[in-house]
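Asker: Have a look; sequence and predicted model below, questions after that.
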Number of protein chains: 2
Amino acid sequence: MNAPTTTAQQLPDLLPGLDWIADPLRVGRLSQDFAWFSPVLKRDLAGKRGDVAVRPRTEDEIRQVVAACAKAQIPLTVRGSGTGNYGQSTPLHGGVILDLSGYNGFGWVRGGVGRAQAGIRLSDFDAQAKPLGQELRWLPSTYRSATLGGLFGGGFGGAGSINHGPLAAPGNVLAVRAMTVEPEPQVIELRGPEAMLLHHTYGTNGIVLELEVALTPAVAWTECIVSFTEFDAALEFADRFGAAPGLEKKEVCFLAAPIPAYFTSLAEHLPAGCHAVMLLVAPHSEDGMRDMAARYGGTVSYRKTADEVEKSHKSLLEYTWNHTTLHALKVDKTLTYIQSGFNPATRLEQVKALEKALGGEVMMHLEFLRTKEGAFNCSGLQLIRYSTEERLNQIMQIYRDHGVQINNPHVYIVEDGKQNNLDPAVVSTKQRFDPQGLLNPGKLRSWVPPVAKAA
Amino acid sequence: MNAPTTTAQQLPDLLPGLDWIADPLRVGRLSQDFAWFSPVLKRDLAGKRGDVAVRPRTEDEIRQVVAACAKAQIPLTVRGSGTGNYGQSTPLHGGVILDLSGYNGFGWVRGGVGRAQAGIRLSDFDAQAKPLGQELRWLPSTYRSATLGGLFGGGFGGAGSINHGPLAAPGNVLAVRAMTVEPEPQVIELRGPEAMLLHHTYGTNGIVLELEVALTPAVAWTECIVSFTEFDAALEFADRFGAAPGLEKKEVCFLAAPIPAYFTSLAEHLPAGCHAVMLLVAPHSEDGMRDMAARYGGTVSYRKTADEVEKSHKSLLEYTWNHTTLHALKVDKTLTYIQSGFNPATRLEQVKALEKALGGEVMMHLEFLRTKEGAFNCSGLQLIRYSTEERLNQIMQIYRDHGVQINNPHVYIVEDGKQNNLDPAVVSTKQRFDPQGLLNPGKLRSWVPPVAKAA
């Protein structure tokens, strides 16, 4: 192979028809996401950035960029809207940022299935799908700006995972159309389990162009806050309502005191010192939810119908999942968070024991969901009063010692988050789609790349 | 109170405008259901019958019958299509059979909610609801003839309970309109948990006129049989597929060998000696189901799309739940069955242990479902090679000794099925709606009735 002669900065001249971004400030912004939630990542990723960004609008434009990078061995980092939390799209070795947010065409909805280009915003997808009677199975709290491809490449699930589990559950993502990074890029359709080999690998494993996903019938969700004076009562209501098979819901979020106090814009609906359960419930299940809430001593202190939500442009979803952390950080910059997965069989005992062990330093935020296998469970996005990295690691170890899985959000390498080994099939997919190791280099440890050209 | 002077036989003359049935053969048929599945009930209920039956078409006609019975203290047993299995509608003390199958108007579907008169057949309800985009949340295998009121009064759930649990789960049944049995009958609407006080009490607790139920979006279900050579593989596939949150289904039924061999009309689709999993899957989840089946060594040996099912007038649902027992009894009259509820946490271990302990004498038939609280589980409708009542009771005790709940289908009193005490609120509802104890007397032990007039 000849030594490469082209640098990333030269690409705009080489491919002048494309929408390039070379302004250092803008490239800097496009190199970042919400990794600053973590003081550890903020330090570790400081200064990491691409050399230039490009925003293709067609598959052919993507192909031109990819071919040029492959020929010149320039690193290529795919990006959606940058709503991730682990620096998924922050280039460690410079190169080109391939911003797919302009490659955002809505494809179709047929029966319970939808298809779109990777850069479509989740909110735009739903705006198109809902009039057709369907909606996405999962909405992260960033749904207004987050892209479908970004959710697939770096996300987990969100609201709706209480019904359909994470994206990784079989039957959720049906197919991807992906491009290889080669001088002559190939476009390949992967269906079923094969498609999932590109999931949650931070765009290291191929360039996802289109996604075909299973949908769920659209519902005009009512949004409620149920507030409680007792931790245990709030927790048990959230768990019981979440699991109730006759009560249709899309979201159940448990926020122990003092977390609700960080939501200054909802203050009038959150009695001082309350524990809050935020939920999305189907209109025909609201009475049943209220009966259950009353039995646990809860008060419905906020309620908006789907129409009211739409008119107000304010959804409770934007207070759940990692938006909880965002709102808290707005008030107190010293906070950070951890991510945890409880044991479905003993979830409530674990939560209560950890609240007892760490209450005050760790604030309990739980999202109820189904696991990939379908077990009802809760996962934590606990807020932490941050002192030192050592203490943060201690807290995570205390969780593990209680039998709770930690999905560490303070690391940026795919394998480090869950502390487990990667499926060898993922590694061979990497080899197939990115034989030179140009995609987001440094994020996948299990595949040893050839020397990639830094900028 | 004056001594009653009217007998049940005199009512047709008293109310000549109604559709009375006095022919002894027809009244005999209307006194029965499928309790003959149980040799014990067949013996215990032999000769039990009403004196006369009536088939009202309007609420006013129902009111006339009820008022007359209340004035004359004549027992009154409400009946749908007689598809029960415990003699729910077999009068123990004669009197009038109130056949509500003619009171069958479809009301409406609004959003995810539907309403109809109690006598509507489940299949007729769905035929009206499906063009409106909705369907019932539960279909017993008797759905072609069974009525909505009968399902509520004497049933549990069925296909669909794998998603929404039994009828008894909060949020499934939203309201009932019911009539008291008094000389001046009152009509009362009960909503939410109050409505459920009339559920599964065999029509002893008030006359249910209308039901309002939560629905689920209609799906064009594909029906499949997956056949296996290994018991454990078939069981684990059924369990895993049933629980998978991304794969949409309405029914998962596990039939261990030799049960499939009883299905002579499906013989070509059931390899000799196979274990079979019968399932209803959404079209967009079929590929995922097939991937999973292949991983467990299963073969899809039967497949019909929703269109093909409709054209053939043959649904696999009519081989599941207690239709399994019916088909087996057609081949071997000496069989009977039991009903069991496993422990969600140890379900597969329990099934395997009991198959080992009783295989040969007890044939494993499992229906996968969610419990009232939402736990994924299986419940058994095991076929038994019947020898004696004593041995049948022994088998049920062996199940209990393994930690499995037995819902005894060989008893006809409400409380005896689950061996537990009735909610006191049910007893006070009985007092409110039937102060003289005329409704289906002898079926509710917890309420001590005044002397009811036998024919």
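Answerer: Everything's here; your move.
Asker: Residue A:256 reaches residue A:363, doesn't it?
Answerer: Yes: here residue A:256 reaches residue A:363: they are 6.0 Å apart, a contact under Cβ atoms under 8 Å. (Glycine included, C-beta is placed from N, CA and C.)
Asker: Excluding covalently adjacent residues, which one is nearest to whichever residue of the stretch 351-455 of chain A sits closest to chain B?
Answerer: Residue nearest to chain B within the stretch 351-455 of chain A: residue A:374 (3.4 Å; Cβ to the nearest Cβ). Residue nearest to residue A:374 in three dimensions, not counting chain neighbours: residue B:243, with 3.4 Å by Cβ to Cβ, 6 or more residues apart in numbering or on different chains.
Asker: Any regions of chain A where pLDDT drops low?
Answerer: Low-confidence segments of chain A, defined by pLDDT under 70: A:1-4, A:419, A:449-455.
Asker: Next, give phi and psi for residue A:32.
Answerer: phi -120, psi 160 (degrees, to the nearest 10).
Asker: My error: substitute residue A:341 in the last question.
Answerer: phi -120, psi 120.
Asker: Show me the beta-bridge partners of it.
Answerer: Beta bridges link residue A:341 to residue A:379, residue A:405, judged by DSSP bridges.
Asker: Quick check: the gap between it and residue A:403.
Answerer: Distance, residue A:341 to residue A:403, by Cβ to Cβ, to the nearest Å: 10 Å.
Asker: And for residue A:210?
Answerer: From residue A:210 over to residue A:403 (counting by Cβ to Cβ), the distance is 40 Å.
Asker: More neighbours: which of these two?
Answerer: Counted by other Cβ atoms under 10 Å in any protein chain shown, residue A:210 and residue A:403 do not tie: residue A:210 has more neighbours, with 22 against 13.
Asker: Which element, helix or strand, includes the more buried one?
Answerer: strand A:207-217 (DSSP states H and E).
Asker: immediately after that strand, which helix or strand?
Answerer: Following strand A:207-217 in sequence, per DSSP H and E, is strand A:222-228.
Asker: Does that next one pack against any helices or strands, and if so which?
Answerer: Helices and strands touching strand A:222-228, by 3 or more Cβ pairs under 8 Å, 6 or more residues apart in numbering or on different chains; DSSP states H and E, are helix A:231-243, strand A:275-281, helix A:286-295, strand A:299-304.
Asker: cutoff 7 Å now
Answerer: Applying 3 or more Cβ pairs under 7 Å, 6 or more residues apart in numbering or on different chains; DSSP states H and E, one finds that strand A:222-228 makes contact with strand A:275-281, strand A:299-304.
Asker: hey, which of the ones you listed is tucked in deepest?
Answerer: Among those, strand A:275-281 has the highest mean neighbour count (mean count of other Cβ atoms under 10 Å in any protein chain shown), at a mean of 27.
Asker: Show me what it pairs with in its sheet, parallel or antiparallel.
Answerer: Strand A:275-281 is paired, per DSSP bridges, with strand A:222-228 (antiparallel), strand A:249-255 (antiparallel).
Asker: Please work out which residues outside it touch it.
Answerer: By Cβ atoms under 7 Å, 6 or more residues apart in numbering or on different chains, the surrounding residues in contact with strand A:275-281 are A:159, A:221-228, A:231, A:234, A:237-238, A:249-257, A:260, A:270, A:289, A:316, A:319-320.
Asker: repeat that for 6 Å
Answerer: Strand A:275-281 has contacts (Cβ atoms under 6 Å, 6 or more residues apart in numbering or on different chains) with A:221-228, A:231, A:234, A:238, A:249-257, A:260, A:270, A:289, A:316, A:320.
Asker: for stretch A:250-260, same thing?
Answerer: A:159-160, A:162, A:221, A:231, A:238, A:242, A:270, A:273-280, A:320, A:363-368.
Asker: ok, back up a step: for the residue nearest to residue A:374, grab the count of nearby residues.
Answerer: Under the neighbour criterion other Cβ under 10 Å, residue B:243 is assigned a count of 21.
Asker: Quick one: residues contacting it.
Answerer: A:373-374, B:376.
Asker: ok, now how distant is it from residue B:232?
Answerer: Counting by Cβ to Cβ, the gap from residue B:243 to residue B:232 is 16 Å.
Asker: thinking again about what came up before, to residue B:25, which of the helices and strands packed on strand A:222-228 lies closest?
Answerer: strand A:275-281 (52.0 Å; Cβ to Cβ).
Asker: so that closest one versus strand A:299-304, what angle?
Answerer: Orientation of strand A:275-281 against strand A:299-304 (axes from the mean of the first three to the mean of the last three Cα atoms, to 10 degrees) gives an angle of 40 degrees.
Asker: Which residue comes closest to the most centrally placed residue in chain A once chain neighbours are left out?
Answerer: With distances taken as Cα atoms, centre = their mean, the residue of chain A nearest its centroid is residue A:155 (3.2 Å). Ranked by Cβ to Cβ, 6+ apart and with sequence neighbours excluded, the top spatial neighbour of residue A:155 is residue A:140, at 5.8 Å.
Asker: For the stretch 1-150 of chain A, just list every one of the helices.
Answerer: Along the stretch 1-150 of chain A, counting by DSSP state H, counting those that start in this stretch, helices occupy A:11-14, A:24-30, A:39-44, A:59-72, A:122-129, A:148-154.
Asker: could you dump those to TSV with distance to chain B and mean neighbour count?
Answerer: Shown next, in TSV, are those (distance: least, Cβ to the nearest Cβ, whole Å; neighbours: other Cβ atoms under 10 Å in any protein chain shown):
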stretch	distance to chain B	mean neighbour count
helix A:11-14	40	15
helix A:24-30	33	14
helix A:39-44	30	16
helix A:59-72	25	19
helix A:122-129	14	19
helix A:148-154	14	29
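Asker: Contact residues of the stretch 151-300 of chain A facing chain B?
Answerer: The stretch 151-300 of chain A comes close to chain B at residues A:164-165, A:169-172, A:192-193, A:214, A:217, A:243-247, A:284-285, A:287-288, A:291, as judged by Cβ under 6 Å from any Cβ of the partner chain.
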